[in-house]
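Participant: Need a 3D model of the sequence below.
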Amino acid sequence: MPLLLPPPRRAATPLLTPTIPHLARLLLSHAPATPPLLLSLLPACPALLTPLLSHLLLSHSPPLPALSLYRRLLALPHFPVPEASLPVLLRLLSRSRRYAHLSFPLLESLPPTHPHLLSTPALAVLLATALSASAPGASFDAAVTCFDSAARVWARAGRAFGAAELNALLRAFCARGRVAEARALFHRYCDAYPPDTRTFNTLLLGFKEAGHAQALDLFYHDAVLRGFVPDAVSYCVRMDAYCKKGRFVDALELLGEMRGRENCKPTLQVFTTLIYGAGIVRDAPRARLLFDEMATWGVTPDRGAHNALMGAYVRARDLPSAVAVMGEMERKGIGLDDVSYNTMLCGFQRVGDLEGIWRVYSKMVSSGFMPRTRTTMLLMKVFCENGRPDLGLELWDYLMGKGCVPHRHALDILVTGLCCKGVVFEAYRCFREMIEMGMAPTERAFRVLEQFLRQTREFGKAEEINQMMKAIQLEGSIL
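Facilitator: Modelled structure (predicted):
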């Protein structure tokens, strides 16, 4: 009698690791409810939360599903909420006036078990929201009130509140060119929160961003007389101010001054700024010399330095050298970012080289890179204006496949391009996909698509998008 052996065990089916785009699509598709899968997955892997929120921010997703998820996670007793997640969520809320008012109540409602979430980046987003969401005449008082209220919240949680937070307040005003008000706030709070070197550099940066190079020099020399010791950042800010005014020679003089100082050697940021300045005056050979000089000071060029050199070649219309820099980045394993792709695309667009644009676009898609809004808009505009909305449609499907909803103005261009080529159904599909992801298309895209649907006697679809627009507008007014 043969021996009966148990059947061999079947190999376990390997579990697929969910990607961030998959999680984002899952969250948005179940809105307003929070998917139970996320509530069980994120506690097992808290590090996924910040990338998920960043993906939602980058893809212009509605903020309420993210806010609902965040509140549910805060309520979990032992979930370690990452510190970097709150600033991302606050940025997601503040992007629209409709949700900006939810930011500070969220901060005040944080449970006492999460004091680490009260960080300087979170405060910076709150201050920026207070300035942008208030009426022009009331924004100063709104920001000051937010700052004082935050100081009380920090104190209740036992968190330090000092120079770093003061710098965040000054930076919020300087970023909007309101340097005079920033200087007034500096004098108002400098006794309560003693400034540091970064405080003075923040004000220098404010003058630079406002384009007041002469006022920057006056403030700088006055600060030095008061005992301020400039560091590499101080020099870099002044160099950048000179470069943006076309005073590249003056910026080079500051580099010579740094070379002569013992404790203030040129840094990576200094060289990157000067390479950028050489590009502004279209001095590509000087940009290359500065790039090569970094090795003398033991400085390793990063992606930003390579992008600056690439930009200098593009401004000088030396596109072969710019392409060579791109290849050099890939050989070094540095990797390309949105600035890299956008710089090259702009360079080829400027000379009307559509073949070059196609090569850069193909490289971007083959690497799986997700472009930012400005690069998406540039590509969509180039494709549709040159009679290739099919490539624009391919870009749309590529982004949607990664869980990224393109900007609604990109939909404007794509709908118009597809309809003019008679591909009305694909335009209708893209329009519907945006609404299904919780985003409201523009009135312009709606009118163009509705007109072409009626011309092709697709009255049912025309009425359908009409009802969809009314529904999403009604939802927005209720929220």
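
Participant: I'd guessed Tyr220 sits against Pro230; true?
Facilitator: Yes. Under the contact definition of CB atoms under 8 Å, Tyr220 touches Pro230, with a separation of 7.5 Å. Bear in mind the C-beta positions are built from the backbone N, C-alpha and C, glycine included.

Participant: what helix or strand is Val237 on?
Facilitator: Per DSSP states H and E, Val237 falls inside helix 232-244.

Participant: now that helix: mean pLDDT?
Facilitator: Model confidence over helix 232-244, given as mean pLDDT, is 92.

Participant: So for the helix or strand following that helix, what gets flagged as buried?
Facilitator: Using DSSP H and E, the helix or strand that directly follows helix 232-244 along the chain is helix 248-260. Burial within helix 248-260, assessed by neighbour count using 16 or more other CB atoms under 10 Å, is assigned to Phe248, Asp250, Ala251, Leu252, Leu254, Leu255, Met258.

Participant: Same check on stretch 461-478?
Facilitator: Burial within stretch 461-478, assessed by neighbour count using 16+ other CB under 10 Å, is assigned to Lys461, Ala462, Ile465, Met468, Met469, Ile472.

Participant: Tell me the one among those nearest to Leu73.
Facilitator: Ile472 (27.4 Å; CB to CB).

Participant: Show the pLDDT at the closest one.
Facilitator: Turning to Ile472, the model gives it a pLDDT of 80.

Participant: got a list of contacts for the host helix or strand of Ala130?
Facilitator: Under the assignment given by DSSP H and E, the secondary-structure element containing Ala130 is helix 120-133. Applying CB atoms under 8 Å, 6 or more residues apart in numbering, the contact partners of helix 120-133 are 84, 86-87, 90-91, 93-94, 97, 100-101, 103-104, 107, 139, 142-143, 145-147, 150, 164-165, 167-169, 171-173, 175-176.

Participant: now do stretch 448-463
Facilitator: In this structure, residues lying in contact with stretch 448-463 by CB under 8 Å, 6+ apart are Asp412, Val415, Thr416, Cys419, Val424, Ala427, Tyr428, Phe431, Ile465, Asn466.

Participant: looking at those, which has the most residues close by?
Facilitator: Val415 (29 neighbours; other CB atoms under 10 Å).

Participant: right, and that one touches Glu433 too?
Facilitator: No. With contacts defined as CB under 8 Å, Val415 does not count as touching Glu433, sitting 11.7 Å away.

Participant: how close does Arg282 get to Gly347?
Facilitator: Relative to Gly347, Arg282 is positioned 13 Å away (criterion: CB to CB, to the nearest Å).

Participant: neighbour-wise, which of the two wins?
Facilitator: Higher neighbour count among Arg282 and Gly347: Gly347, with 24 against 14, using other CB under 10 Å.

Participant: separation between the more buried one and Ala322?
Facilitator: Note on Gly347: its distance to Ala322, by CB to CB, is 6 Å.

Participant: the helices in the stretch 251-400 of the chain, which residues?
Facilitator: Remark: helices of the stretch 251-400 of the chain, listed N- to C-terminal, are 268-280, 284-293, 303-315, 319-332, 338-351, 354-366, 373-385, 389-401; assignment by DSSP state H, counting those that start in this stretch.

Participant: would a markdown table of those helices with distance to Leu203 and mean pLDDT be doable?
Facilitator: Supplementary listing: the helices of the stretch 251-400 of the chain in a markdown table, determined by distance: least, CB to CB, whole Å; pLDDT from 0 to 100:
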| stretch | distance to Leu203 | mean pLDDT |
| --- | --- | --- |
| helix 268-280 | 18 | 95 |
| helix 284-293 | 27 | 95 |
| helix 303-315 | 24 | 96 |
| helix 319-332 | 35 | 95 |
| helix 338-351 | 27 | 95 |
| helix 354-366 | 39 | 94 |
| helix 373-385 | 29 | 94 |
| helix 389-401 | 40 | 93 |
